[in-house]
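Peer 1: no sequence on this one, just coordinates:
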């Protein structure tokens, strides 16, 4: 488990934790950090919605079914989860993007999505 205290968010500030219940992040440390091992760029801290979870399942990525072998409890609306930046962009293009917690979304996300677009989906 790692936590890079120098990691930044899309706002140019220190990256804040996304969620510890359920524990999210590529490194399962509650943060949307990334590194060389994270080929999926799990950098977007998103708030799950019913619509997004249904869209994700229909696209072949069921996030609601628990998978204990991977220590994955299954997600429900309202949960925060570190999504792959490209997957969030796909959902955006399909009109199904979930809200984003900007302070907890890693700056590397800006290589995939502009800050202006992320601002439009900022969680309240």
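Peer 2: Arrived safely, thanks for sending. If you're wondering where the values come from, they're calculated on a predicted model, not measured in any experiment.
Peer 1: Run through the helices of this protein in chain order.
Peer 2: Per DSSP state H, the chain carries helices over the ranges 50-58, 85-93, 115-120.
Peer 1: And these: which comes nearest residue 100?
Peer 2: With respect to residue 100, and counting by Cβ to Cβ, the nearest of the helices of the chain is helix 115-120 at 5.4 Å. Every C-beta, even on glycine, is put in place using the N, C-alpha and C of the backbone.
Peer 1: Which strands and helices lie in contact with the closest one?
Peer 2: Packing contacts for helix 115-120, counted by 3 or more Cβ pairs under 8 Å, 6 or more residues apart in numbering; DSSP states H and E, involve no helix or strand.
Peer 1: Tell me how many other residues surround residue 12.
Peer 2: 8 (other Cβ atoms under 10 Å).
Peer 1: and it, how far is that from residue 120?
Peer 2: Residue 12 is 18 Å from residue 120, where distance means Cβ to Cβ, to the nearest Å.
Peer 1: If you drop the residues flanking it in sequence, what lies closest to the residue nearest the centre of the chain?
Peer 2: When Cα atoms, centre = their mean is applied to the chain, the residue found nearest the centroid is residue 82 (2.4 Å). In space, and not counting its chain neighbours, residue 82 is closest to residue 32: 4.0 Å by Cβ to Cβ, 6 or more residues apart in numbering.
Peer 1: now swap in residue 72 and tell me
Peer 2: residue 66 (6.4 Å).
Peer 1: who's in contact with the one you found?
Peer 2: 72-74 (Cβ atoms under 8 Å, 6 or more residues apart in numbering).
Peer 1: Would you mind giving those residues as a markdown table with distance to residue 37 added?
Peer 2: Formatted as a markdown table, these follow (distance: Cβ to Cβ, whole Å):
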| residue | distance to residue 37 |
| --- | --- |
| 72 | 18 |
| 73 | 22 |
| 74 | 24 |
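Peer 1: Would you confirm that residue 107 contacts residue 13?
Peer 2: No. The criterion here is Cβ atoms under 8 Å, and residue 107 misses it with residue 13 at 9.4 Å.
Peer 1: which residue ranges form the strands in this protein?
Peer 2: 42-47, 80-84 (DSSP state E).
Peer 1: and the closest residue to residue 117 other than its chain neighbours, how many neighbours does it have?
Peer 2: Nearest non-adjacent residue to residue 117, counting by Cβ to Cβ, 6+ apart: residue 92, 7.0 Å away. By other Cβ under 10 Å, 18 other residues sit near residue 92.
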